[in-house]
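Engineer: what's the 3D shape of this:
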Amino acid sequence: MKQRITLPTTDGAEIFMDAYVPEKVDSINPDIRRPAIVLFPGGGYFFCNPREGEPIVPKFLTEGFNVFVVWYRVKPVRWPAQLMDAAAAIACVRKHASEWLTDPDRIAVMGFSAGGHLAAAISTMWQQAELWQPLGLTPEDVKPNGAVLSYAVITGEYGGCKSFQNVTGEMDAEAHKPLWLLDKVSAHCPPTFLWHTCEDECVPVMNCIAMARKLSDCGVMSELHLFARGPHATALCTEKTSGTVFPQYVLPHAQCWPDMAARFLKDVM
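Structural biologist: Numbering: from 1, shown residues only. So this is what the prediction gives:
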């Protein structure tokens, strides 16, 4: 069942979140609480890519997850508005956990590209209580219990800074550094699954490798998968998220990533 939720966030704004949860029918045990994924599509903080939204959902529904797709604010809205939107979405899922047959202690974030930056940002900063005061929330309200980072933007050290330009309005890399995440990684980060393609020219694969190394250095449980071939923004790597317009996004060798991510989340949450 799909339900569109309107979420109040900061600056008097509202965003949409699409909730995909099972209906309460007799065949479903009312005591079951499913794990959840709060999903952030990519799009360079310029738009939210629909290929990385609803088409991803069925794969994880069949794996036993509830899925919530967040249509967060983008350019020209400046950071940290996007971080506030992510926090509001996680807190909403946790608040309505019983209503949505969700386990409040098994809520993961998943993000693609710039959405991966957003998922990684909330994963590295959730414990900073002062950040969530404008929303009237606490760290425990916004805490992710797991994360899946799909070809995520992490830092500008390796190029691919368009996402940072879009949310800061600045071309100078110095203005982007507060959004770089490697120095924010700590033992507070949730267990994290990462995957990337080595041919990605938009978001260099070193974003993923450097993030995985920092997580390991901090003792955070993580799993890293690198696929040799494939461009940026491949989503499911299937015809479903490529269509006839983008055949280069069909990557049979990488179509296993959702199964691996689902297994990882079930193991760690």
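Engineer: which residue ranges form the strands in this structure?
Structural biologist: 2-8, 14-20, 34-40, 66-71, 102-112, 146-150, 192-197, 222-227 (DSSP state E).
Engineer: who does the fifth one pair up with?
Structural biologist: Pointing back at strand 102-112 there. strand 34-40 (parallel), strand 146-150 (parallel) (DSSP bridges).
Engineer: so what's the gap between stretch 124-139 and the chain middle?
Structural biologist: Its chain's average C-alpha position is 18 Å from that of stretch 124-139, according to Cα atoms, centre = their mean, to the nearest Å.
Engineer: what residues does that stretch touch?
Structural biologist: Stretch 124-139 has contacts (Cβ atoms under 8 Å, 6 or more residues apart in numbering) with 9-10, 80, 83-84, 87-88, 91, 141-144, 181, 184-186, 188-189. Using the backbone N, CA and C atoms, a C-beta is placed for each residue, glycine as well.
Engineer: which parts of it are buried?
Structural biologist: 124, 125, 126, 131, 132, 135, 137, 139 (16 or more other Cβ atoms under 10 Å).
Engineer: out of the residues you listed, who's nearest residue 107?
Structural biologist: In terms of Cβ to Cβ, no member of those lies closer to residue 107 than residue 126, at 11.1 Å.
Engineer: nearest residue to that closest one in space, please, no chain neighbours.
Structural biologist: residue 143 (4.8 Å; Cβ to Cβ, 6 or more residues apart in numbering).
Engineer: still on that earlier bit, so which of the strands of the chain is the most packed in?
Structural biologist: Ranked by mean neighbour count, those are led by strand 146-150 with a mean of 28 (mean count of other Cβ atoms under 10 Å).
Engineer: what's the angle from it to strand 222-227?
Structural biologist: 20 degrees (axes from the mean of the first three to the mean of the last three Cα atoms, to 10 degrees).
Engineer: contacts for strand 146-150 next, please.
Structural biologist: If you take Cβ under 8 Å, 6+ apart as the criterion, strand 146-150 is touched by 37, 42, 52, 106-113, 116, 119-120, 123, 189-196, 208, 211, 257, 261, 264-265, 268-269.
Engineer: which of the strands paired with strand 102-112 sits closest to residue 14?
Structural biologist: Comparing these against residue 14 with Cβ to Cβ, the closest turns out to be strand 34-40 (16.9 Å).
Engineer: what's the offset of that closest one from the middle of its chain?
Structural biologist: Relative to the chain's own centre, strand 34-40 is displaced by 9 Å; criterion: Cα atoms, centre = their mean.
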